[in-house]
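**Student:** Quick one: sequence plus predicted model below, questions after.
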Amino acid sequence: MTQKPNKFQQALEFAKAQQAKIPKREVPNGVEPYVEFDQNTGEGTVAANRGINEPSPAENWDSFLLENGISPEHFKVLDDTMKFRTWDGVDGEKKVHYTCTIVARIAGVLDEELQESLVKKVNKFSAKAPKKSKGNGAFVTLFSDWQIGKNEGGGTEALVNRVEVGVAETIQKFKQYQSMGYNLDEIVIGCMGDIVEGCDGFYAQQTYSVEYDDRAQQKIATELMFASIKEFSRLDVPVTVITVPGNHGENRKNGKSYTTFMDNKDLAVAYYTDFAMRQNPSSFSHIEHIYPEHLDDDITLTYNCHGNILGFVHGHQFRSGGGAFVPAKAQAWHKNQKYGDYHIGFANILNFGHFHHYTFVEDPQQIIGAPALDGGSKWIEQTHGKLTKPGMLSYTVDKYGVNNLYKAQKKSIKEL
């Protein structure tokens with residue numbers, strides 16, 4: 001006999017509920033287009049779909065970014081990060097799903113536009129490298145605190161004029177020394193940091209006072225630095241360019257540097273200029289660039305010059321000691337560096353910037369504060385009561401130390 005199902009057993013039977021029909025999705029899971037960006041890491045992702053017969057995004061990254069609402073001026077696609085896979089659309093058309101990593105255009109990323117413009121300029125320049133000769137002294141000039149991008153003191157246009165006039169007046173002084181019989185066998189250019197202004201995180205109202213973004217500031221800075229060094233390269237003397245990073249070159253968030261010491265716009269400008277000049281060794285083989293690059297490098301540099309050790313430091317490291325008198329702060333910091341056996345502590349001629357005023361102290365080491373070339377700061381005036389006088393400092397150095405300190409501060413080429 002076939003046993004009939006027990007009514008109680010029927011309680012264990014569950015019929016599957018009928019669901020409403022789900023329309024077929026035009027874009028299935030896994031191939032949705034989207035854009036995301038993490039401000040903390042400076043990276044993001046763009047995902048987009050194109051037809052199988054449409055051109056690859058790699059053929060024109062700027063166009064691809066614009067299609068997805070992203071400005072190519074502020075972002076770029078990171079090389080070799082594109083991935084893709086195909087899928088079938090609702091109409092049966094084969095489609096391609098692309099993803100790639102984007103990064104903000106920040107210091108350390110050499111954009112192709114800047115690279116191309118500099119290489120064109122460097123290839124047009126023709127000069128013959130001078131023969132190395134042994135003299136009895138060197139000529140030192142300091143490029144400090146240009147802070148390109150500020151709108152104060154006539155803004156960037158006035159800053160460009162001050163750089164042009166400062167370089168011309170300093171070169172004029174070098175030629176005067178030559179005509180007086182000085183046998184100067186080297187030009188040392190100390191780039192003391194804060195060449196660019198940055199956009200935020202250094203003082204109150206800063207963002208309001210900036211007229212160019214980070215990328216534009218770096219482009220202008222590199223063009224100015226390249227043009228300035230090129231003028232010194234014409235003087236038939238080997239040139240050594242030494243760059244240290246300043247605080248305005250740091251990448252900051254909420255007023256704090258959040259990456260590494262080497263992630264600095266001053267160092268980026270040094271690299272761009274060095275890179276360009278290396279493309280024309282026949283004209284620039286007598287130019288040597290020295291700047292920190294490795295993560296373990298110090299952000300200060302020392303250089304042997306005619307029996308002296310020149311030290312270069314921006315100066316934002318001078319945290320305490322000496323009260324309000326800046327040279328005393330520098331001296332206190334310098335003593336601690338010697339106590340800790342750091343290279344910079346052994347410099348007998350210490351060069352610094354950051355404080356925007358020209359100062360010189362000999363007690364017993366020679367300590368030199370470089371003037372700024374920026375247009376001044378209403379914030380500094382109102383909070384510290386100080387008014388800076390822009391200029392470009394130079395001096396000669398021989399076995400006796402520093403001589404012929406000169407601050408170039410003419411206002412126009414006509415005054416020279």
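**Tutor:** Arrived safely.
**Student:** Helix or strand, whichever it is, which one in the chain has the lowest mean pLDDT?
**Tutor:** Ranked by mean pLDDT, DSSP states H and E, the weakest helix or strand in the chain is helix 378-384, scoring a mean of 64.
**Student:** Sheet partners, orientation included, of the following helix or strand past that helix?
**Tutor:** Using DSSP states H and E, the helix or strand that follows helix 378-384 towards the C-terminus is strand 392-398. Paired with strand 392-398 in the same sheet, following DSSP bridges, are strand 137-143 (antiparallel), strand 401-408 (antiparallel).
**Student:** Please enumerate the helices of the stretch 151-300 of the chain.
**Tutor:** Counting by DSSP state H, counting those that start in this stretch, the stretch 151-300 of the chain has helices at residues 155-179, 214-233, 265-277, 281-284.
**Student:** So which of these is nearest residue 58?
**Tutor:** Nearest of the helices of the stretch 151-300 of the chain to residue 58, taken as C-beta to C-beta: helix 214-233 at 22.2 Å. (C-beta placed from N, C-alpha, C; glycine too.)
**Student:** Can you mark which positions in the lengthiest strand in the chain are buried?
**Tutor:** Ordering each strand of the chain by length in residues (DSSP state E) puts strand 94-104 first. Buried residues in strand 94-104, counted by 16 or more other C-beta atoms under 10 Å: 95-104.
**Student:** What mean pLDDT does stretch 64-71 get?
**Tutor:** Confidence for stretch 64-71, expressed as mean pLDDT, is 87.
**Student:** outside of it, which residues touch it?
**Tutor:** When contacts are defined by C-beta atoms under 8 Å, 6 or more residues apart in numbering, stretch 64-71 is touched by residues 33, 35, 46, 48, 57, 72, 75-77, 102.
**Student:** same thing but 7 Å
**Tutor:** 35, 46, 48, 57, 72, 75, 102 (C-beta atoms under 7 Å, 6 or more residues apart in numbering).
**Student:** you'd agree the third one is in a strand?
**Tutor:** Yes: when DSSP: H, G, I helix; E, B strand; the rest coil is applied, residue 48 is found to be in a strand.
**Student:** If it is in a bridge, with which residues?
**Tutor:** Legend: beta-bridge partners of residue 48 under DSSP bridges are residue 98.
**Student:** I figured residue 352 was touching residue 316, is that so?
**Tutor:** No: look at residue 352 against residue 316 with C-beta atoms under 7 Å: they stay out of range, at 9.3 Å.
**Student:** so who does the nearest residue to residue 369 once chain neighbours are set aside touch?
**Tutor:** Closest residue in space to residue 369, ignoring its immediate chain neighbours: residue 359 at 3.7 Å, by C-beta to C-beta, 6 or more residues apart in numbering. Counting by C-beta under 7 Å, 6+ apart, residue 359 makes contact with 326-327, 369.
**Student:** just residue 144 next, same as before
**Tutor:** 192, 353, 370-372.
**Student:** How about residue 273?
**Tutor:** 222, 225-226, 229.
**Student:** Secondary structure element holding the nearest residue to residue 286 once chain neighbours are set aside?
**Tutor:** In space, and not counting its chain neighbours, residue 286 is closest to residue 129: 4.2 Å by C-beta to C-beta, 6+ apart. Secondary structure from DSSP H and E places residue 129 outside every helix and strand.
**Student:** Residue 352 and residue 316: which has the busier surroundings?
**Tutor:** Neighbours per residue, other C-beta atoms under 10 Å: of residue 352 and residue 316, the larger number sits with residue 352, 31 against 18.
**Student:** and that one, what pLDDT?
**Tutor:** Note for residue 352: predicted pLDDT of 98.
**Student:** Tell me the bridge partners for it.
**Tutor:** In this structure, residue 352 bridges to residue 313, residue 369 when assessed by DSSP bridges.
**Student:** Now do the contacts for it.
**Tutor:** 192, 313-315, 330, 369-370.
**Student:** Tell me which of the helices of the stretch 151-300 of the chain approaches residue 348 most closely.
**Tutor:** Per C-beta to C-beta, nearest to residue 348 of the helices of the stretch 151-300 of the chain: helix 155-179, 21.8 Å.
**Student:** can you give me the angle the closest one makes with helix 214-233?
**Tutor:** Relative orientation of helix 155-179 versus helix 214-233 (axes from the mean of the first three to the mean of the last three C-alpha atoms, to 10 degrees): 20 degrees.
**Student:** got a list of contacts for helix 155-179?
**Tutor:** 139, 141, 146, 148-149, 184, 211-212, 220, 224, 228, 231-232, 235, 373-375, 390-392, 394, 396, 404, 406, 408, 410-413, 416.
**Student:** Same check on stretch 226-243?
**Tutor:** Residues from elsewhere that reach stretch 226-243 (C-beta under 7 Å, 6+ apart): 118, 121, 125, 127, 130, 132, 163, 167, 171, 174, 184-191, 266-267, 270, 273, 276, 284, 286-291, 301, 303, 312.
**Student:** Any buried residues in that stretch, and which?
**Tutor:** 226, 228-230, 232-233, 235, 237-243.
**Student:** circling back to that earlier point, of the contacts of helix 155-179, buried ones?
**Tutor:** Buried among these by 16+ other C-beta under 10 Å: 139, 141, 146, 148-149, 184, 212, 220, 224, 228, 232, 235, 373-375, 390-392, 394, 396, 404, 406, 408, 410.
**Student:** got any ranges where this protein has weak pLDDT?
**Tutor:** Within the chain, the ranges that satisfy pLDDT under 70 run 1-27, 39-42, 90-91, 105-115, 199-210, 321-323, 377-384.
**Student:** Nearest the geometric middle of it, what residue?
**Tutor:** Centroid-nearest residue in the chain: residue 265, 1.4 Å away (criterion: C-alpha atoms, centre = their mean).
**Student:** Surely that one and residue 197 touch.
**Tutor:** No: taking contacts as C-beta under 7 Å, residue 265 lies outside contact range of residue 197: 9.5 Å.
**Student:** picking up where we left off before, let's see the ChimeraX selection covering just the buried ones among the contacts of stretch 226-243.
**Tutor:** This is how ChimeraX selects the buried members of the contacts of stretch 226-243, with burial counted by 16+ other C-beta under 10 Å:
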select :118,121,125,127,130,163,167,171,174,184,185,186,187,188,189,190,191,266,267,270,273,276,284,286,287,289,290,291,301,303,312
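**Student:** re earlier: show me the one in the contacts of residue 359 that has more neighbours than the rest.
**Tutor:** In terms of neighbours by other C-beta under 10 Å, the contacts of residue 359 top out with residue 369 at 24 neighbours.
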